[in-house]
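Trainee: Give me coordinates for this.
(chains A, B, C and D)
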There are 2 protein chains.
Amino acid sequence: MTSRQNRQRDRAERGIPEATVARLPVYLRALTTLQDGGVATVSSEELATAAGVNSAKLRKDLSHLGSYGTRGVGYEVEYLVYQISRELGLTQDWVVAIIGVGNLGRALAGYGGFASRGFRVAGLLDADESIVGEEISGMTVEHIDRLEDMIADHGVSIAVIATPAGAAQVVCDRVVAAGVTSVLNFAPVVLSVPEGVDVRKVDLSIELQILAFHEQRKAGGPGDYDPVADDGAPPGATQYVEAVVEA
Amino acid sequence: MTSRQNRQRDRAERGIPEATVARLPVYLRALTTLQDGGVATVSSEELATAAGVNSAKLRKDLSHLGSYGTRGVGYEVEYLVYQISRELGLTQDWVVAIIGVGNLGRALAGYGGFASRGFRVAGLLDADESIVGEEISGMTVEHIDRLEDMIADHGVSIAVIATPAGAAQVVCDRVVAAGVTSVLNFAPVVLSVPEGVDVRKVDLSIELQILAFHEQRKAGGPGDYDPVADDGAPPGATQYVEAVVEA
DNA sequence: TTATGTGAAAACATTCACAGCT
DNA sequence: AGCTGTGAATGTTTTCACATAA
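Mentor: Residues are numbered from 1 along each chain as shown, chains lettered A, B, ... in the order given. Here you go, the predicted model:
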């Protein structure tokens, strides 16, 4: 089965697993790298290795998009790049606003990954008057008062929040009220948003804590070199810091 | 059952689910916020709301650490903060090295979240001679040649890689060879590491692409305004951008 | 009475292993 | 002969619903 014509509807029938969606960008990056290297065709085994997954998972993931490979051969790189881009919505441009121009906001403004894959930064906004007007990566920082205007004028559909923790929810409420339904949050707070709004979170501190957990487990195993041999300190002995983390 | 004495071994018997580990830092943050607000006791319902999960999940997660609540009452905030901190390995200090002092590296160096929760930055390293010696957030940037020395001298156990994509694997190989077994990678590449080394990845571009996917689905529903209405373009018709994303 | 802790059920995700197509 | 695509099996995570304890 699976005639050429109804590939698109066969699978992808409203509903690619979330775990798969999260891996598609990784596949896409591996594919574009191969493409830059002049590779025209790739097997699931090769692509899986490049993407850091196993081949069964890769094939299952791709099968949710449709039947884009050739048995006995593999996948045509260019075709697959196009199909994944399309599935992810990267064949159209998305307009992004960056709110909060501290260290992180500046880093984001200069990040090459925005421009290069269909994400256009409409502008940078900050509440701090002393920063407003400053030129960063070819953009002039605007006052946060301009937020709603900018969203409307430029058709912003993704808001990147890089403010301090205390300002994040207020900013989030404003962008949502202005019609934005996708938010990428770098502030270390749990944002609450109405139904239908997507929030994704990038949190350095959380990643470090997860690493620490595993690191501790390794060190705790029997027989380890343990340079600064610290025992299981008694409760209360360690002055564990309570300060709330801020962006 | 579950006498006071063997709480620790009862559950947590080698093996907290990974999904739970990933949420513990979120609970911890919610708890410290409550603590700062003077709250002494919290119910699973309240804490779950603050952490952005449902209460059943929260209770199941906490049950993997032990039985730290009181039926009919809730959890003692301070006690739970300590237990989670301990489980995550935050009652000891972890030494971090940041490699790559571009925009992102600078942002990371100035990030409050490091110092405030048991993560100490041993130093900043970069290959660019013109940056070496520069003072950033109270630290002097050192040359990448010093990498192995720094890891040995300061007992670095977590490496934060914030280099361009092209340098990331080489840097990773070096830190692993020097004995580091936990890596936080900001470069947009899949790092390959030997068994026993943990890598976590933070990738802005991937997060944006996941948001774009969902945004597209929303817009794609029947009856929508669809600003740049793009049909199912034939393969090859669209000049989709191929540029590799870089940090 | 109230809210935790947890078996059991359901949903979701990964891996296996091979039929089927090129 | 080789590699995809996929049912079936296995493993993990979430949710349900209630016995249990304060």
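Trainee: How about the longest strand anywhere in chain A and chain B, touching?
Mentor: Scanning chain A for the strand with the most residues, using DSSP state E, yields strand A:119-126. Yes. Contact of strand A:119-126 with chain B (Cβ under 8 Å from any Cβ of the partner chain) involves residue A:119. (Each C-beta comes from the backbone N, C-alpha and C, glycine too.)
Trainee: What pairs with that strand, parallel or antiparallel?
Mentor: strand A:94-99 (parallel), strand A:139-143 (parallel) (DSSP bridges).
Trainee: Can you give the distance of the longest one from its chain's centre?
Mentor: On the basis of Cα atoms, centre = their mean, to the nearest Å, strand A:94-99 is displaced by 14 Å from the centre of the chain it belongs to.
Trainee: which outside residues touch that strand?
Mentor: For strand A:94-99, contacts defined as Cβ atoms under 8 Å, 6 or more residues apart in numbering or on different chains pick out A:105, A:108-109, A:114, A:118-126, A:144, A:147, A:150-151, A:154-163, A:171, A:175, B:208, B:212, B:215.
Trainee: Of the residues you listed, which ones also sit close to DNA strand D?
Mentor: Residues of the contacts of strand A:94-99 in contact with DNA strand D (Cβ under 7 Å from any atom of the strand): none.
Trainee: Helices - which of these land there?
Mentor: Secondary structure from DSSP state H places A:105, A:108-109, A:114, A:147, A:150-151, A:154, A:171, A:175, B:208, B:212, B:215 of these in helices.
Trainee: which of these has the weakest pLDDT?
Mentor: Note: of these, the lowest pLDDT belongs to residue A:114, at 80.
Trainee: ok, and does the longest helix anywhere in chain A reach over to DNA strand D?
Mentor: If you go by DSSP H, chain A has its longest helix at helix A:18-36. No. Between helix A:18-36 and DNA strand D, judged by Cβ under 7 Å from any atom of the strand, nothing touches; the nearest distance is 9.8 Å.
Trainee: moving C-terminal of that helix, what's the next helix or strand?
Mentor: Later in the chain than helix A:18-36, the nearest helix or strand by DSSP states H and E is strand A:41-42.
Trainee: tell me what that next one is packed against?
Mentor: Using 3 or more Cβ pairs under 8 Å, 6 or more residues apart in numbering or on different chains; DSSP states H and E, the elements in contact with strand A:41-42 are strand A:74-76, helix A:77-88.
Trainee: what about 7 Å?
Mentor: strand A:74-76 (3 or more Cβ pairs under 7 Å, 6 or more residues apart in numbering or on different chains; DSSP states H and E).
Trainee: On the three-state scheme, the closest residue to residue A:199 other than its chain neighbours is what?
Mentor: In space, residue A:199 comes closest to residue A:183 once its chain neighbours are excluded; the distance is 4.7 Å by Cβ to Cβ, 6 or more residues apart in numbering or on different chains. Taking DSSP: H, G, I helix; E, B strand; the rest coil as the rule, one finds residue A:183 in the strand state.
Trainee: Compute the first-to-last residue distance for stretch A:179-190.
Mentor: Its first and final residues considered, stretch A:179-190 spans 20 Å by Cα to Cα, to the nearest Å.
Trainee: Buried residues of that stretch, list them for me.
Mentor: A:180-190 (16 or more other Cβ atoms under 10 Å in any protein chain shown).
Trainee: Check stretch A:162-174 too.
Mentor: Buried residues in stretch A:162-174, defined by neighbour count with 16+ other Cβ under 10 Å: A:162-163, A:165, A:167-169, A:171-172, A:174.
Trainee: What is the nearest of these to residue A:195?
Mentor: residue A:172 (14.6 Å; Cβ to Cβ).
Trainee: Who's the closest spatial neighbour of the closest one, skipping the chain neighbours?
Mentor: Per Cβ to Cβ, 6+ apart, closest to residue A:172 is residue A:191, 4.8 Å.
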